[in-house]
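Student: my questions concern the predicted model and sequence given below.
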Amino acid sequence: MGGRTLVTGATGYLGSTLVESLVQAGEQVTVLTNPHDPAVLGDALRPHVDVAAADITDAQSIDEAMRGVSHVYHLAGIASPNSRLGHRIWQTNVLGTYHVARAALEHGVQRVVHVSSTAAIGYPRNGVVADEDFDLRDSVLDNVYSATKRAGERLMLDFAERGLDVVVVNPAAVFAPGTGPARSWQGLLVAARKGLLRVVPPGGTAVCSAQDFVVGITAAMAKGDNGRRYILSTANLSYRQIGELLVTAVGREHPVRSAPMGLFRAVGKGNRLVRDISLRFDPDDALIPENVELMARELYYAPDRAVRELGIPQVSTHELIAEFVR
């Protein structure tokens with residue numbers, strides 16, 4: 001792929017995984033970093049990329065970062081359903097996406113791969129495996145994250161109608177290894193290593209390996225259809241299955257049990273109360289009421305289109321976990 005590639009959200013655990021792959025493939029990469037964000041690239045990557053400091057919500061800085069760019073991977077976003085962070089999430093996931101799309105069109109970018117989420121497709125009821133054509137009216141839940149990812153995706157596709165070449169990928173929960181603070185699924189891995197992962201919610205989720213994510217997103221750039229969306233997922237697993245796999249992978253032998261949702265709902269309400277009193281809201285806070293309600297569901301998705309058209313390998317569940325805990 002000729003020209004320079006811009007990656008937004010490059011300091012997140014998904015972005016850094018993608019950037020590492022692009023660098024290894026010999027691509028010229030510019031990473032977008034927020035000047036107000038303490039997150040930094042790992043030492044191994046920093047010498048091999050150019051860095052553009054830009055606030056995703058600031059049109060001028062995005063416009064400057066887009067100069068000389070031929071391809072864009074747009075990963076920047078806040079992956080949280082926390083309603084207390086609603087304004088910040090809308091600013092990042094929707095306004096930020098608008099600035100990226102507008103600047104990309106203005107500067108003649110050849111293709112944008114927009115990283116959305118399965119949440120934008122909707123939350124299917126238990127027993128239903130959703131694909132890219134899932135009817136949103138059948139979604140059992142909605143929250144600020146799903147709404148903003150859906151709106152950002154719609155914005156990108158609107159720009160596609162104006163001439164911007166856009167491919168959308170909708171990854172499930174990506175099990176990507178990280179080198180920074182334990183966040184999201186990495187926190188679950190830390191708990192497993194400490195022998196603390198013993199109780200899980202009764203629901204389940206689609207998960208995606210780091211390998212399937214990178215192959216899928218780069219294949220979307222190379223051969224995805226303009227204006228088309230692709231679910232990136234490796235397996236549909238219950239939280240108990242995930243817990244058992246992680247516990248085994250870190251060398252522990254204790255059982256993992258599903259607990260009643262009443263326990264998780266109580267913890268979520270208590271945590272929300274503490275956060276409201278302290279006015280400290282963290283996007284990575286999993287035990288909040290909005291997220292707890294997702295844990296009660298089996299949110300499963302079908303990656304058939306990406307397997308067929310993009311050639312994602314769909315590694316085995318064993319490989320997914322082994323890759324994650326390495």
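Tutor: Sure thing, it's come through. Residues are numbered from 1 along each chain as shown.

Student: so which elements touch the strand or helix carrying Phe159?
Tutor: Under the criterion of DSSP states H and E, Phe159 resides in helix 144-161. The contact analysis (3 or more C-beta pairs under 8 Å, 6 or more residues apart in numbering; DSSP states H and E) places helix 144-161 against helix 86-90, helix 96-106, strand 111-115, helix 118-121, strand 166-171. In this view, the C-beta of every residue, glycine as well, is placed from N, C-alpha and C.

Student: switch the cut-off to 10 Å
Tutor: Contacting helix 144-161 under the criterion 3 or more C-beta pairs under 10 Å, 6 or more residues apart in numbering; DSSP states H and E are the following elements: helix 86-90, helix 96-106, strand 111-115, helix 118-121, strand 166-171, strand 229-232, helix 289-295.

Student: got JSON lines for the ones you listed, with mean pLDDT, mean neighbour count and distance to Lys149 too?
Tutor: Putting the helices and strands packed on helix 144-161 into JSON lines (pLDDT from 0 to 100; neighbours: other C-beta atoms under 10 Å; distance: least, C-beta to C-beta, whole Å) gives the following:
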{"stretch": "helix 86-90", "mean pLDDT": "96", "mean neighbour count": "17", "distance to Lys149": "9"}
{"stretch": "helix 96-106", "mean pLDDT": "98", "mean neighbour count": "22", "distance to Lys149": "9"}
{"stretch": "strand 111-115", "mean pLDDT": "98", "mean neighbour count": "26", "distance to Lys149": "9"}
{"stretch": "helix 118-121", "mean pLDDT": "98", "mean neighbour count": "24", "distance to Lys149": "4"}
{"stretch": "strand 166-171", "mean pLDDT": "98", "mean neighbour count": "26", "distance to Lys149": "9"}
{"stretch": "strand 229-232", "mean pLDDT": "98", "mean neighbour count": "28", "distance to Lys149": "11"}
{"stretch": "helix 289-295", "mean pLDDT": "93", "mean neighbour count": "20", "distance to Lys149": "14"}
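
Student: which one of these lies closest to Pro303?
Tutor: Pro303 sits nearest to strand 229-232 of all the helices and strands packed on helix 144-161, at 4.9 Å, using C-beta to C-beta.

Student: strand partners (parallel or antiparallel) of that closest one?
Tutor: If you go by DSSP bridges, strand 229-232 pairs up with strand 166-171 (parallel).

Student: pLDDT value on Trp185, please?
Tutor: As predicted, Trp185 sits at a pLDDT of 82.

Student: swap in Ala182?
Tutor: At Ala182, pLDDT is 53.

Student: what of His74?
Tutor: Reported pLDDT for His74: 98.

Student: strands of the protein, start to end?
Tutor: Counting by DSSP state E, one finds strands in the chain at the ranges 4-8, 28-33, 50-53, 69-74, 111-115, 129-130, 166-171, 173-175, 199-200, 204-209, 229-232, 235-238, 257-258, 298-301.

Student: just put those strands in TSV and tack on distance to Thr148.
Tutor: Formatted as TSV, the strands of the chain follow (distance: least, C-beta to C-beta, whole Å):
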stretch	distance to Thr148
strand 4-8	15
strand 28-33	19
strand 50-53	24
strand 69-74	14
strand 111-115	13
strand 129-130	19
strand 166-171	14
strand 173-175	17
strand 199-200	27
strand 204-209	19
strand 229-232	16
strand 235-238	24
strand 257-258	30
strand 298-301	17
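
Student: Arg193 is nearest to which of the ones you listed?
Tutor: Judging those by C-beta to C-beta, what sits closest to Arg193 is strand 173-175, at 14.8 Å.

Student: that closest one: partners in the sheet, and parallel or antiparallel?
Tutor: strand 204-209 (parallel).

Student: off-centre distance for the strand it pairs with?
Tutor: 11 Å (C-alpha atoms, centre = their mean, to the nearest Å).

Student: average pLDDT across it?
Tutor: On average, strand 204-209 scores 96.

Student: using PDB, list the CA coordinates for that strand.
Tutor: Written as PDB, here are the backbone C-alpha positions of strand 204-209 (Å, rounded to 0.1, in the frame of the first residue of the first chain):
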ATOM      1  CA  GLY A 204     -21.900 -14.300  27.200                       C
ATOM      2  CA  THR A 205     -20.300 -12.300  24.400                       C
ATOM      3  CA  ALA A 206     -18.700 -12.600  21.000                       C
ATOM      4  CA  VAL A 207     -14.900 -12.300  21.300                       C
ATOM      5  CA  CYS A 208     -12.200 -11.500  18.700                       C
ATOM      6  CA  SER A 209      -8.600 -12.500  18.800                       C
END
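
Student: noted, bye for now.
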